[in-house]
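**Student:** Generate coordinates for the sequence data below:
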Amino acid sequence: MTDPETQAGWAPEAGGEGASDDAEDMPLSLRLSIADTLTLGNATCGFMAVYFTTTGILIPHLQGSQETGMARNSAATAVILMLLAAIFDLCDGLVARKLRSSPMGAELDNLSDLISFGLAPAYFVLVYGMVADDAQQKVAALAAIVVLLAVIMRLARFSVVAMKDGMFQGMPSPFGALTVVSIVLLELPFIPTLLAVLGVAWLMVSRVEYPKPRGILAVAMLSWIIGAMGLLAAWAFDAPGGQLLLQTGCALQVVLGAVIPLFATARRVNTFRDNRREARAAQLP
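**Tutor:** Alright, predicted model coming up:
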């Protein structure tokens, strides 16, 4: 069987194992680019975030451990890994535009985002519902499912809906994931936390437009992520003021998540009014 893109055979030719080792004989659909490697790093970080949430928070809680330091370190590590996944997600798009991506690039990106920004934060919410003093496990599980389904729908819609250049429809899944975990880390009462998490899930499937992180915005986002990692590290090692710094950073993340849709909606309303004004002016004699 021959791949039409490369005219290279899928089955190894006679002459030993080394005869098919040349990269030029590999079908284009199976080659990984630099951008694809970054995308796989994204998926790895998401999986490891689930691992640390399980081994450092959930299992000790089920075993009756009262060690809060270990849970704090594991929670910080899990969120730092999600932040690192966001960096990989940001960089793979930039690299793909500058260099190239394989034919698998878009599919790899969606699958990796599902792990890092769908499964990992949803699982974080689920575990929160199991370990928090005032939480209700079944309700938290329902909220976690809503977050996961919102990310799935968000990624599926991104694959089939054409948007104008430079814009996303709905809150991007990395931003949504980081907002969800920020809400949990604020340690608010259970009901407000649940409602805020559901609000983020709604924003991810909404039609609110968000700008794509390019140019100065990409640099600002990268700086924000690195700063958030520093806040989490300070909190994990119980640095003086670390708790206050973390809560301040989480609050800023949540405020950004709430304010950006307001600006986007206001801009959309102003654009609609301007278009109506221009249409009326064109109708005048």
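
**Student:** buried residues in stretch 167-183?
**Tutor:** With burial defined by 16 or more other C-beta atoms under 10 Å, the residues of stretch 167-183 counted as buried are 168-183. C-betas here are computed from N, CA, C, even on glycine.

**Student:** residue boundaries of the helices in the stretch 1-150 of the chain?
**Tutor:** Remark: helices assigned in the stretch 1-150 of the chain by DSSP state H, counting those that start in this stretch are 34-53, 59-62, 68-98, 105-114, 120-131, 137-160.

**Student:** Packed most tightly, which of those helices would that be?
**Tutor:** Ranked by mean neighbour count, the helices of the stretch 1-150 of the chain are led by helix 120-131 with a mean of 24 (mean count of other C-beta atoms under 10 Å).

**Student:** Distance from it to the middle of the chain?
**Tutor:** Taking C-alpha atoms, centre = their mean, to the nearest Å, the mean C-alpha location of helix 120-131 is offset from the chain mean by 16 Å.

**Student:** Next, the angle from it to helix 68-98.
**Tutor:** 170 degrees (axes from the mean of the first three to the mean of the last three C-alpha atoms, to 10 degrees).

**Student:** Give me the contact list for helix 120-131.
**Tutor:** Applying C-beta atoms under 8 Å, 6 or more residues apart in numbering, the contact partners of helix 120-131 are 46-47, 49-50, 53-54, 57-58, 61, 71, 78-79, 81-82, 85, 135-137, 139-141, 143-145, 147-148, 151, 176-177, 180-181, 184, 193, 197.

**Student:** switch to 7 Å and redo it
**Tutor:** Under the contact criterion C-beta atoms under 7 Å, 6 or more residues apart in numbering, helix 120-131 has outside partners 46, 49-50, 53, 57-58, 61, 78, 82, 135-137, 139-141, 143-144, 147-148, 177, 180-181, 184, 197.

**Student:** Was I right to think residue 201 contacts residue 148?
**Tutor:** No: assessed by C-beta atoms under 7 Å, residue 201 is found out of contact with residue 148, at 8.9 Å.

**Student:** quick one: low-confidence ranges for this protein?
**Tutor:** Within the chain, the segments meeting pLDDT under 70 span 1-32, 100-101, 163-166, 264, 272, 284-285.

**Student:** Show me which helix runs longest in it.
**Tutor:** Longest helix of the chain, by residue count under DSSP state H: helix 242-283.

**Student:** Could you tell me how far it lies from the centre of the chain?
**Tutor:** Distance, centroid of helix 242-283 to centroid of chain: 21 Å (C-alpha atoms, centre = their mean).

**Student:** Fine by me, we can end here.
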